[in-house]
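K.L.:
Here is the input, now give the coordinates:
(2 chains)
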Amino acid sequence: DGGITQSPKYLFRKEGQNVTLSCEQNLNHDAMYWYRQDPGQGLRLIYYSQIVNDFQKGDIAEGYSVSREKKESFPLTVTSAQKNPTAFYLCASRSTGTGITGELFFGEGSRLTVL
Amino acid sequence: DQQVKQNSPSLSVQEGRISILNCDYTNSMFDYFLWYKKYPAEGPTFLISISSIKDKNEDGRFTVFLNKSAKHLSLHIVPSQPGDSAVYFCAASDDSSASKIIFGSGTRLSIRP
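P.N.:
Presented below is the predicted three-dimensional model:
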């Protein structure tokens, strides 16, 4: 089955530690996205990537880093510089081919809790 | 500065009636709009979209209306069913081939018996 896989589903981190969230897709999509969800604030864009080896900052990129070495993978690292990292993180992908709509396909999400 | 706004955090509708969820945007460059549905602890799922060249798009029980002059769109669900209870997000993009997709803060819809 084609889809987006995020791991781990739940993650606990001590303050001061970096943690990396995995996102893999087998939909052959060019574009990939990371969003963060906090209660009452909807989905806020952290980083997005339109092609391999290229990515852009979203609205709340501070304290986060990403890489896009392979088309199917877009890992997100939450660094110790992120002031309030406890949140639900969502990865998404989208085809950018001609005539394709802007529909995003989302993974199941990763819940990060900082202790 | 929120470019996509959903001013109603929650909405309660009786089963069988029409649910109307509203969304406003500030960026006149947005040309593609989407609605997503989300259950707790799951990723959002796509419902329906509309391009700025249209003012209405219908898919089964779901219809999206776009008023470009007012920078406003709405999602109509009729008839509302218990399974429609979820959080609904409005989203917008200014480039339908790629680019940033900005989401609103969501509206929690509850369908009561």
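K.L.:
tell me which parts of chain B are close to chain A?
P.N.:
Along chain B, the residues adjacent to chain A under the rule CB under 8 Å from any CB of the partner chain are B:6, B:9, B:32, B:34, B:36, B:41-46, B:49, B:89, B:91, B:93, B:96-106. The way it works is simple: take the backbone N, C-alpha and C, and place the C-beta from them, glycine included.
K.L.:
which residue packs closest to the spatially most central residue of chain A, ignoring adjacent ones?
P.N.:
Taking CA atoms, centre = their mean, the centroid of chain A lies closest to residue A:34, which sits 2.7 Å from it. Excluding its sequence neighbours, the residue lying closest to residue A:34 (CB to CB, 6 or more residues apart in numbering or on different chains) is residue A:46, at 4.3 Å.
K.L.:
can you check residue A:81 too?
P.N.:
Excluding its sequence neighbours, the residue lying closest to residue A:81 (CB to CB, 6+ apart) is residue A:63, at 4.4 Å.
K.L.:
Let me know whether residue B:37 touches residue B:48 as I believe.
P.N.:
No. Using CB atoms under 8 Å, residue B:37 makes no contact with residue B:48, being 9.7 Å away.
K.L.:
returning to that earlier point: residue B:63 versus the residue nearest to residue A:34, what's the distance?
P.N.:
Applying CB to CB, to the nearest Å, the value for residue A:46 to residue B:63 is 32 Å.
K.L.:
out of these two, which sits in the more crowded spot?
P.N.:
Using other CB atoms under 10 Å in any protein chain shown as the criterion, residue A:46 and residue B:63 rank with residue A:46 on top: 26 against 18.
K.L.:
who in chain A is up against chain B?
P.N.:
Counting by CB under 8 Å from any CB, chain A sits next to chain B at A:4, A:30-31, A:33, A:35, A:40-45, A:48, A:50, A:56, A:58-59, A:88, A:90, A:92, A:94, A:96, A:98, A:100-109, A:111.
K.L.:
hmm, 6 Å instead?
P.N.:
Proximity of chain A to chain B (CB under 6 Å from any CB of the partner chain) is limited to residues A:31, A:41-43, A:50, A:90, A:96, A:101-103, A:106-109.
K.L.:
hmm, which two among the residues you listed are most spread apart?
P.N.:
A:41 and A:96 (27.0 Å; CB to CB).
K.L.:
quick one, what contacts the residue in chain A positioned nearest to chain B?
P.N.:
Chain A approaches chain B most closely through residue A:106 (3.2 Å), counting by CB to the nearest CB. The contact partners of residue A:106, taken as CB atoms under 6 Å, 6 or more residues apart in numbering or on different chains, are A:90, A:92, B:43-44.
K.L.:
With that, I have no additional questions.
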